[in-house]
Structures are given as C-alpha cells and as structure tokens.
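> Build the 3D model from these lines:
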Amino acid sequence: MPQYLYQVAYTSESLAAQIKNPQDRLEVVSKQITEAVGARIVAGGYSYGEYDVSAIVDAPDDVTMAAVALAIAAGGAVPGRQDHAATERRPVGGGLEEGAGSERPVPPRPVGTAALRRPATNPSRGPPPP
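The predicted structure follows:
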C-alpha cells in the first residue's frame, strides 16, 4: 500500500482544547480513517516548526488519501496542511539508473553519520581515528 507523509498545523483553539482534554489524537484519527476508507496511520507524532503533527499514512491510493485530507481539513482544527506521496519501494539502483543519463555527474557523498564525523585522511597526520 502506498505511504504518504501528512503534516498538519492546528489552530490555537484546537491546541487549547487538546491541552484541556489530552488524548492520543493520532490513534483516534487512525481508527476513524481505517473504518471509513481503509487507510491507517502507521507512525507519527508532534513536530517542531511550521507543522504541529507529522504522520505516515498507509492509503490504498491517491484518491483515498485525498479523501482523508479533505475529511480532516473539513473539521476546521487544521487550517494548514500538506501531504506528499512517498516514493514506491524499489531498489535504490532503479533511481540511480534513471539518473544515469544526466549530463552533470554527481560526486560521491559519504554514507551515514559516521562518515560525516571522520576527517579525511591527511598524509601528514596519518589515518583518521577509529
């Protein structure tokens, strides 16, 4: 099933209501959308920045996800929202092969955070620490 990143910004009134009556809104909404259209929230939580909540939603297709987004927006608690379809699951090589025809080669980048912390080997200082 395709996955979508769905982010919402609450109104100040909605946040105040949630503070007065705390509950796991992701669980409540996930149950509602599962029963209504067969979509479900796989993961999510509060986030910092422009959007208050980020969630990963499994939905059968784009039309179903649009229905979910419209239903949530119709409630009035989330005037700001955005959603993005995640890429389909396939080997990374498939995407690399598609980009192989580009005119400008992309230089290799280090993989993982450990590669970012290690300094490059300098012949005058010897190899980097383990």
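> Now Glu15: which helix or strand?
One thing to correct before we go on: residue 15 is Leu, not Glu. helix 12-20 (DSSP states H and E).
> quick one: buried residues of that helix?
Ser14 (16 or more other C-beta atoms under 10 Å). For the C-beta atoms, the positions are set from N, CA and C on the backbone; glycine is no exception.
> other SSEs contacting whichever helix or strand comes after that helix?
Next helix or strand after helix 12-20 toward the C-terminus (DSSP H and E): helix 25-37. Other helices and strands packing on helix 25-37, by 3 or more C-beta pairs under 8 Å, 6 or more residues apart in numbering; DSSP states H and E, are strand 40-46, strand 53-58, helix 62-74.
> Return the most buried member of these.
Mean neighbours per residue, mean count of other C-beta atoms under 10 Å, is largest over these for strand 53-58, with a mean of 19.
> Okay then, goodbye and thanks.
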